[in-house]
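Fold the following.
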Amino acid sequence: MIKNIALVAHDSRKEELVSWVKFNAGSLSDCNLFCTGTTGRLIREALTELRGADIPPIVCLLSGPLGGDFEIGAMIAEGKIDMLVFFCDNLIMQGHQNDVMGLTRLASLYNIPFATNRSTADFIISSPLYTSKDYQRIIPSCIESYKNRKLK
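Just a heads-up that it's a prediction; the model follows:
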């Protein structure tokens, strides 16, 4: 069951992510939301307006370019994030493009559901596996193999 969701959006896609969160407020109500700086503030404001005091816990990390992407990446590597929703602006090169690529790599490596657009986020959150108590994410064996590799 997905409980800890990281939410990130580039400036040009923040409004779209906030809209997605509002649309899925019910499905997100029993989750912990971890957001980069401004995105978290906007989501908190939107959910408070929509639901009053009845909003899920929202943890605002640093702004993405100031280290928030790294904070979320570390949480993924530590097994503290169950799903990443990152609405990227792929029409412009970001000053912190390496951070964006790092999050993509970690989400893939640690096998967490990862949406870069609204359609994918909708498919993930509407999947029966999203609420299944029986579903367990499988950590790829390559991670353990890498941790235990023999060096000469």
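
quick one: low-confidence parts of this structure?
In the predicted model of the chain, residues 90-97 satisfy pLDDT under 70.

Show me where it has its strands.
Remark: strands assigned in the chain by DSSP state E are 4-9, 32-35, 58-60, 83-87, 114-115.

Packing partners of the third one?
The elements that strand 58-60 packs onto, with contact taken as 3 or more Cβ pairs under 8 Å, 6 or more residues apart in numbering; DSSP states H and E, are strand 32-35, helix 37-51. Where C-beta positions appear, they are placed from N, C-alpha and C, glycine not excepted.

ok, now the longest one?
Judged by 3+ Cβ pairs under 8 Å, 6+ apart, strand 4-9 is in contact with helix 14-23, strand 32-35, helix 37-51, helix 68-77, strand 83-87.

Just send those back as JSON lines, with mean neighbour count too.
Converted to JSON lines, the helices and strands packed on strand 4-9 look like this (neighbours: other Cβ atoms under 10 Å):
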{"stretch": "helix 14-23", "mean neighbour count": "18"}
{"stretch": "strand 32-35", "mean neighbour count": "22"}
{"stretch": "helix 37-51", "mean neighbour count": "17"}
{"stretch": "helix 68-77", "mean neighbour count": "20"}
{"stretch": "strand 83-87", "mean neighbour count": "24"}
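
just so I know, which of the ones you listed lies nearest Cys142?
Closest to Cys142 of the helices and strands packed on strand 4-9, according to Cβ to Cβ: helix 68-77, at 13.8 Å.
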